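Undergrad: sequence first, predicted coordinates after that:
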Amino acid sequence: MTGTASALLKAPRELSIILACEFADSFSTFALDYVFVLFLSSIFSFSDQLAGWLYGMYGLMVLVYGVVLGPLIDNIGVKWALVVGSIFATVGRLSMVFVSEAALLLVVLWTVLPMGVAMTSNVLKLGIRRYTTKANRSPAFDCSYFTINCAALSSAVLLTGTRACASQYGPYYRLYLLLAFSCCLIQFILACCLREIVVREGTHDVRDFCIEASHPAEIIKGVCKSPNFWKFVGISLLICTGVGTCLRHFGSTFPKTFTRVNGPNAPFELVLSINPLLIMSMMPLVSLSRLNHYMPTYELLVLGSAISALSMFVMGVSSSIAAAVISIALFTVGEMIWAPRFLEMSVMVGEEGREGTVIALTGFPKFISRLLAGGSSGYLLQRYCPQQGICQSGGMVWSLIGLLAVTTPVALLTLRKSLDTNSRTPCDTETAQVLLKRQAAPSGQDDLPSRNVKLSSDST
């Protein structure tokens, strides 16, 4: 415990700035996610299906800009990429507050806003890798995940307060988004305080990071040659299109099913805030327990995703508030196991100086899951929990979501030999031990007793 804390304290001030930027960026992101589909349906009178598809298309545009701008991030560095991304995100989120025409709304959702989000979200992950070493990288990513969930909880509290004060005057979504907008300005100011540095392994000394400018096509070609890159793409696809869609459905589906069962002013965000609240309470303990030192990362992905996937069936059995609370709490337990390790893997798969491109390319399953969740959300709501009439089959919505989520742990187990870069067969392990003993023994003494050689299978 003391070693973990001391390792984090050795990090440069840029790590603290990046975490503060992550809070500001996540606060604005969650604020929009909480009310996105409700905002489109109540202010612009979009149907469930249209609002769901727009939710998914917005995520798809973030992916497109992420792939296009990934090489640019590598060529201009962490600081300036975050500064430019913050400017676009600020303009986009402020436009969402005042836009009144549906056509202009689509322009904002498909150009300025996703462009800013693509740059800031990718750069923040890159910054954590750049400002840490192997000794403190895993706890730093745990802190990052903790920070993201602090922002999620804070934005939920703000939504509850805004509803309590302004709902009597009509739709309060514009006011809520305006209040959340202030974090964009804070993020821009913090980004200007960063230095373009990297931390040396072992000594924790900092040095200026030398940016090696290359043609975008060369960067992408070099990244795509790595076998580990494609293995991580496979893992990412399985996680994001399975259990990852549950997180997207919390934004696109849960607000509508919950309010249609419990009333239009039901505080759905307080139920969703159980997720970040539990993570804030338990994540420090999970981080200090250092699970990745006792179980390989791949096994943690399987275990955590299985718990998260099975939790969806609780809401499938009952549409009560208690069932929603239990379901989200169980999902969170699993998420705390798989999500931080998955986040760390996404950054570590690329070589230094090419992380921006790698993060952008490996991020496509995440945004495909958003498109999948957005498109299926409208259909599920219209079929099982329509706006007109009584929502009697809300449980079926979450049962079907749970069936999709279960594919993640099942597929991860089935394809482990192909996807786990650190897995060893018993034959491989035995051969490796023999070779190690022979290397350690003096010449002509190959039959010495076995030494205590530990073959670590931890991935990070």
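TA: It's in.
Undergrad: where along the stretch 301-450 of the chain do the helices fall?
TA: In the stretch 301-450 of the chain, helices defined by DSSP state H, counting those that start in this stretch lie at 321-348, 355-362, 364-384, 394-414, 416-419, 426-440, listed in chain order.
Undergrad: would you point to the one among those that's packed deepest?
TA: Most buried of these by mean neighbour count (mean count of other CB atoms under 10 Å) is helix 355-362; its value is a mean of 26. C-beta coordinates here come from the backbone N, C-alpha and C atoms, glycine included.
Undergrad: now do the domain split for the chain, please.
TA: Domain assignment for the chain, taken from the TED database, gives 12-194, 214-420.
Undergrad: spatially nearest residue to residue 374 (excluding sequence neighbours)?
TA: residue 56 (2.7 Å; CB to CB, 6 or more residues apart in numbering).
Undergrad: pull the contacting residues for residue 405.
TA: Residue 405 sits next to 242, 243, 245, 246, 305, 308, 309, 312 when contact means CB atoms under 8 Å, 6 or more residues apart in numbering.
Undergrad: now do residue 25
TA: 89, 120, 121, 124, 151, 183, 187.
Undergrad: now the helix or strand containing residue 119 - C-alpha only, PDB.
TA: Using DSSP states H and E, residue 119 sits within helix 113-130. This file holds the C-alpha atoms of helix 113-130, laid out as PDB (Å, rounded to 0.1, in the frame of the first residue of the first chain):
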ATOM      1  CA  LEU A 113     -18.400  18.100 -31.100                       C
ATOM      2  CA  PRO A 114     -17.100  14.600 -32.100                       C
ATOM      3  CA  MET A 115     -13.900  16.100 -33.400                       C
ATOM      4  CA  GLY A 116     -13.200  17.700 -30.000                       C
ATOM      5  CA  VAL A 117     -14.200  14.600 -28.100                       C
ATOM      6  CA  ALA A 118     -12.100  12.300 -30.300                       C
ATOM      7  CA  MET A 119      -9.000  14.400 -29.600                       C
ATOM      8  CA  THR A 120      -9.400  14.900 -25.900                       C
ATOM      9  CA  SER A 121     -10.400  11.400 -24.900                       C
ATOM     10  CA  ASN A 122      -7.600   9.800 -26.800                       C
ATOM     11  CA  VAL A 123      -4.900  12.300 -25.600                       C
ATOM     12  CA  LEU A 124      -5.900  11.900 -21.900                       C
ATOM     13  CA  LYS A 125      -5.100   8.200 -22.100                       C
ATOM     14  CA  LEU A 126      -1.900   8.800 -23.900                       C
ATOM     15  CA  GLY A 127      -0.900  11.400 -21.300                       C
ATOM     16  CA  ILE A 128      -1.200   8.900 -18.500                       C
ATOM     17  CA  ARG A 129       1.200   6.500 -20.200                       C
ATOM     18  CA  ARG A 130       3.600   9.300 -21.100                       C
END
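Undergrad: just give the closest residue to the residue positioned nearest the centre of the chain, not the sequence neighbours.
TA: In the chain, the residue lying closest to the centroid (CA atoms, centre = their mean) is residue 343, at 6.6 Å. In this structure, residue 343 finds its nearest non-sequential neighbour in residue 141, 5.6 Å apart by CB to CB, 6+ apart.
Undergrad: next secondary structure after the helix or strand hosting that neighbour?
TA: When elements are assigned from DSSP H and E, residue 141 belongs to helix 137-166. For helix 137-166, the following helix or strand on the C-terminal side (DSSP H and E) is helix 173-191.
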